[in-house]
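Asks: would you be able to build a 3D model of this:
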Amino acid sequence: MTVGVDLSVQPRKTGIAWIDWSSSEARVRNLVPKAADELITRAVMEADKAGIDCPLGWPEKFVEFISAHQSGNVIVPAEVAGRNWQRALAYRVTDEAVRDTTGLVPLSVAADRIAYTAMRCAGLLAQLARQGQPVDRCGTGVVVEVYPAASLNQWGLPHRGFKGKGNAKPLARVVDAMLAAAPWLMLGPFEDLCRRSDDALDAVIAALTARAAMKGLVTAPSTTQAAISSTEGWIALPTCPLSALWP
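Replies: Residues are numbered from 1 along each chain as shown. Coordinates of the predicted model:
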């Protein structure tokens, strides 16, 4: 079983999906559009692989900068408005890798509102560790960091414009394209929810990406990237078509 979590600051915007894999199909067992912490940790503990759509850590250079600033020993370049210097603080190694591969730019966990979600995620990771499920932020354990829009992009599916209000038609296009590419994916009674809620759909995509990670069909950090990604986190991008996840 794979689990996908579209994490948000509050449970009301957090989607979680469970997909059971058999020799003939992948069936969405359950899909909850408003998931609290306890449900998420329980689902992850029971999963073979769980994809979480949220940064698992902060940029190492940003953490060093904040620590140095707190102690009054921060060292900055002569031109503190320098774009390259600021970018190095704002984005993780994996964010730059995703941009190089897909052209998509993940939200900055150091300089965007997704930081609030990452705070919640950090708490969830701490709870998992206390329950005997420590997380390898490079994705080799049960948990893997995912980016649903980038997964859709890698699968050649529509990946833009389906978020927010008034998104029924774009959502329907994504669902239609996904089911056409994966006729073995059974959304069952949850298909209508996927067509109404981008949180629910992202959770399903996260669970599919977790399947790709479980099969070793995702990007992995290089030897040099692994050291820093062990604290910053690593976004797993599918390296295969959606059809390769065929049960």
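
Asks: any idea how far K163 is from V174?
Replies: 10 Å (CB to CB, to the nearest Å). Heads up, the C-betas are built off the backbone N, CA and C, glycines and all.

Asks: could you do L245 as well?
Replies: L245 sits 17 Å away from V174, going by CB to CB.

Asks: now stretch 204-219: how far from the chain's centre is it?
Replies: The chain centroid and the centroid of stretch 204-219 are separated by 10 Å, computed with CA atoms, centre = their mean, to the nearest Å.

Asks: after the lowest-mean-pLDDT helix or strand in the chain, which helix or strand is next? Please name it.
Replies: None of the helices or strands of the chain scores lower by mean pLDDT, DSSP states H and E than helix 83-90, at a mean of 88. Once the chain leaves helix 83-90, the next helix or strand it forms, by DSSP states H and E, is helix 93-102.

Asks: show me where this structure dips below the pLDDT cut-off.
Replies: Applying pLDDT under 70 to the chain flags the ranges 78-82.

Asks: now do the helices in it.
Replies: Ranges of helices in the chain, per DSSP state H, are 37-46, 60-71, 83-90, 93-102, 114-130, 148-154, 168-181, 191-196, 198-214, 223-232.

Asks: pick the most buried one from those helices.
Replies: Ranked by mean neighbour count, those are led by helix 198-214 with a mean of 27 (mean count of other CB atoms under 10 Å).

Asks: report the angle between that one and helix 168-181.
Replies: In terms of direction (axes from the mean of the first three to the mean of the last three CA atoms, to 10 degrees), helix 198-214 departs from helix 168-181 by 30 degrees.

Asks: what about helix 198-214, distance to the chain center?
Replies: Distance of helix 198-214 from the chain centroid (CA atoms, centre = their mean) equals 8 Å.

Asks: so the protein: which segments form each domain?
Replies: Domain assignment for the chain by automatic domain parsing gives 2-57+92-241, 61-91.

Asks: please name the residues that touch the closest residue in space to A181 that isn't next to it in sequence.
Replies: Once flanking residues are discounted, A181 sits nearest to L242: 4.6 Å by CB to CB, 6 or more residues apart in numbering. Contact analysis of L242 by CB atoms under 8 Å, 6 or more residues apart in numbering lists 155, 157, 178, 181-182, 208.

Asks: of these, closest to T224?
Replies: Nearest to T224, judged by CB to CB, of the contacts of L242 is W155 at 28.0 Å.

Asks: so A244 sits against V218, correct?
Replies: No: with contact defined as CB atoms under 8 Å, A244 does not count as touching V218 (11.0 Å).

Asks: who has more neighbours, the two?
Replies: V218 (24 against 13; other CB atoms under 10 Å).

Asks: that one pairs with what?
Replies: Here V218 sits in beta bridges with P238, going by DSSP bridges.

Asks: okay, it and S71: tell me how far apart.
Replies: Taking CB to CB, one finds V218 at 38 Å from S71.

Asks: and if you look at Y91?
Replies: Relative to S71, Y91 is positioned 24 Å away (CB to CB).

Asks: which strand residues bridge V143?
Replies: According to DSSP bridges, beta-bridge pairing links V143 with A50.

Asks: and it, how many neighbours?
Replies: V143 is flanked by 28 other residues according to other CB under 10 Å.

Asks: show the contacting residues for it.
Replies: By CB under 8 Å, 6+ apart, the residues touching V143 are 44, 50-52, 56, 125, 128, 135-136.
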